[in-house]
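Asks: Here you go, sequence then predicted model.
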Amino acid sequence: MEIHQIGSRQMKNRKMESRDAKVQSMRLHIWSNRAVYLVLFLALAIRLYAIWDYKLSLNLHSDDQGYLDSAINLLRYGRYTYYNPNFPTLHMMPGITFLLAGVLSIFGTGTTGILAAKVVMSIIGTVGLYGVFLIARYVWNPTAGLIAVILGAVYLPGIETDTLLLTESPFMALIAFMLYFTIRVAHERKNYQAVWVAVLYVAAVFFRPTVALYPVLVVLYLLFKRYPKRLLAKQLGAMAVLVIALMSPWWIRNYHDFHHFVPLTDGTGNPLLLGTYQGEGYPSQVSMNQLLAKIEADNPQVLPPYAHEEAWMNLQKQAAIDRMKQWWETNPGSFIDSYAYLKPIKLWQDPFYWIRIFKVHRETMRTIQPYLVWSGIVGFFLALLRKPRAETVLFLLTLLYYTALYSVYFVFGRYSEPLMPFIFLGVGAGLSTVVAAVTGLVRSFVKLERKLAH
């Protein structure tokens, strides 16, 4: 009888503990939702205040102006251009141009329209932070997500970027939600989630073609998760058809304007050539300007480059390949050191913070940046040590993928800036892992003391 009573009591205790755990989880879910909405509101408010305070002075007079001009020319002339409104372009994917053109078509191409476009960019950047939170909550816990979002909300280069007319903010948001649905489809295996992955992938490609090979990592991740191969093949087939359908208008346009198949862009020649002037030990017989002048002199048929943009880029690409071959043949040690170490370090340690805002100096951000990056990487490894997850490996491989890809070209902080929210994700994962480990130890000691007391 006593044994039966003890067993019954233990069962009741377990049920009560399970019920209490569910209630606590629900309360945490509600609290985290309220908290993250408050932080996101703060993030958007900071960005809107920056737009109100600095207005049009937040302008790099570089690619942001080029994208704006491209959107205005699209509205005025109905042509997708960049360098010159009279000639079609392959300089970049059309996502940013069409996004800005959509906003300007409503608010006009003057100051009001430009400021409206900046507000839209800020909203997109803030929504992207919410995507990061959803990832963290799904993989780890709401606390990890809140830490990541708080860091993203106050990260000055991120605030600045979200107020500029660049591809970074939309790209970050699209990558965040693409990762979120990739992780969900790995666990839940729903067809609609696979469709979302494909749609978000194409949308990301339309802003930055660097994501083009990312599906390879996604497939490896799904296979590692022991995704049913028959279902994977079925969904991949459907996703491929969807991707082809969504990309077809771009391919048709390129064939019509350039008379051959161009899958993405053909504007990599210049950044590839610039990348051969970074690092140590690179061939230095001629400067970049001297080399470009020589290419122009040897190939007068492609000038001005606006009319023969593709040929001009291809000539720079060939010059870059020749320099890389020469570099490898004459100094292979510095070639490896530059592309495998020096350029990746430069990619991450130099924050994209070209305009000082809120009276914070660039040197201050340059000092903080390495600590943030290393905290994120260490955080991922701490999370991986405590509880190995394929998702943590996916995030680390994502950072490695983009680091390797960007290091081939000219590197600077703008390329890594859209990835910083995922660095903050590592910070959140690491801190929440440490807190969970410490909490677990405390609970173990408390239970041990109670046993000893009895």
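Replies: Perfect, thanks for sending it. The model shown is predicted, which means the values in this text are computed figures rather than measured ones.

Asks: quick one: the helices in the stretch 301-450 of the chain?
Replies: For the stretch 301-450 of the chain, helices defined by DSSP state H, counting those that start in this stretch occupy the ranges 309-330, 332-337, 343-349, 362-386, 390-407, 413-416, 420-453.

Asks: how about a markdown table for those, with mean neighbour count, distance to residue 278 and mean pLDDT added?
Replies: No exception for glycine: its C-beta is placed from N, CA and C like everyone else's. A markdown table is the format used below for the helices of the stretch 301-450 of the chain (neighbours: other Cβ atoms under 10 Å; distance: least, Cβ to Cβ, whole Å; pLDDT from 0 to 100):
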| stretch | mean neighbour count | distance to residue 278 | mean pLDDT |
| --- | --- | --- | --- |
| helix 309-330 | 18 | 11 | 91 |
| helix 332-337 | 14 | 11 | 94 |
| helix 343-349 | 18 | 6 | 94 |
| helix 362-386 | 17 | 17 | 93 |
| helix 390-407 | 18 | 9 | 94 |
| helix 413-416 | 23 | 13 | 90 |
| helix 420-453 | 17 | 21 | 81 |
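
Asks: Out of those, flag the one nearest residue 158.
Replies: helix 420-453 (6.3 Å; Cβ to Cβ).

Asks: residues near the residue lying closest to residue 162 once chain neighbours are set aside, how many?
Replies: Excluding its sequence neighbours, the residue lying closest to residue 162 (Cβ to Cβ, 6 or more residues apart in numbering) is residue 125, at 3.4 Å. Neighbours of residue 125 under the rule other Cβ atoms under 10 Å: 26.

Asks: before we move on, what about the one 4 residues further on?
Replies: Residue 129 has 29 neighbouring residues, counting by other Cβ under 10 Å.

Asks: Can you name the residues that contact it?
Replies: Contacts for residue 129 (Cβ atoms under 8 Å, 6 or more residues apart in numbering) come out as 40, 43, 148, 149, 152, 153, 176, 421.

Asks: Now intersect those with the helices, please.
Replies: 40, 43, 148, 149, 152, 153, 176, 421 (DSSP state H).

Asks: Dump those residues to TSV, plus distance to residue 254.
Replies: Listed next are the ones in helices among the contacts of residue 129 as TSV, based on distance: Cβ to Cβ, whole Å:
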residue	distance to residue 254
40	38
43	37
148	38
149	39
152	35
153	39
176	29
421	32
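
Asks: in the protein, which segments are predicted with low confidence?
Replies: 1-32, 304-305, 444, 446, 448-450, 452-454 (pLDDT under 70).

Asks: Chain neighbours aside, what residue packs nearest to residue 134?
Replies: Per Cβ to Cβ, 6+ apart, closest to residue 134 is residue 180, 5.1 Å.

Asks: most neighbours, which of the ones in helices among the contacts of residue 129?
Replies: Result: residue 148 is most packed of the ones in helices among the contacts of residue 129 (other Cβ under 10 Å), 31 neighbours.

Asks: Touching, it and residue 139? I think so.
Replies: No: Residue 148 is not in contact with residue 139 according to Cβ atoms under 8 Å; the separation is 11.2 Å.

Asks: Contact partners for residue 99?
Replies: Contact analysis of residue 99 by Cβ under 8 Å, 6+ apart lists 71, 120, 170.

Asks: check which helix or strand covers it.
Replies: Using DSSP states H and E, residue 99 sits in helix 95-107.

Asks: Tell me the helix or strand right after that helix.
Replies: That would be, after helix 95-107 and using DSSP H and E, helix 111-139.

Asks: So for the one helix or strand residue 246 maps to, what gets flagged as buried?
Replies: Assigned by DSSP H and E, residue 246 belongs to helix 229-258. Across helix 229-258, burial judged by 16 or more other Cβ atoms under 10 Å covers 232, 235, 236, 239, 242, 243, 246, 250, 254.

Asks: what angle do that helix and helix 309-330 make?
Replies: On the basis of axes from the mean of the first three to the mean of the last three Cα atoms, to 10 degrees, helix 229-258 is oriented at 120 degrees to helix 309-330.

Asks: Which strands or helices does helix 229-258 pack on?
Replies: Judged by 3 or more Cβ pairs under 8 Å, 6 or more residues apart in numbering; DSSP states H and E, helix 229-258 is in contact with helix 191-205, helix 214-224.

Asks: Can you check which of those gets nearest to residue 290?
Replies: helix 191-205 (35.5 Å).

Asks: follow-up on the earlier one: where's the helix holding residue 246 relative to the chain centroid, distance-wise?
Replies: 22 Å (Cα atoms, centre = their mean, to the nearest Å).

Asks: ok, residue 342 - how many residues close by?
Replies: If you count neighbours by other Cβ under 10 Å, residue 342 ends up with 17.

Asks: cool, and residue 284?
Replies: So residue 284, with other Cβ under 10 Å, has 7 neighbours.

Asks: Okay, it and residue 319: tell me how far apart.
Replies: 14 Å (Cβ to Cβ, to the nearest Å).

Asks: same thing with residue 423?
Replies: Residue 423 is 34 Å from residue 319, by Cβ to Cβ.

Asks: what's the answer for residue 77, then?
Replies: From residue 77 to residue 319 the distance is 33 Å (Cβ to Cβ).

Asks: Could you do residue 74 as well?
Replies: With Cβ to Cβ as the criterion, residue 74 and residue 319 are 31 Å apart.

Asks: Nice, that's everything, thank you.
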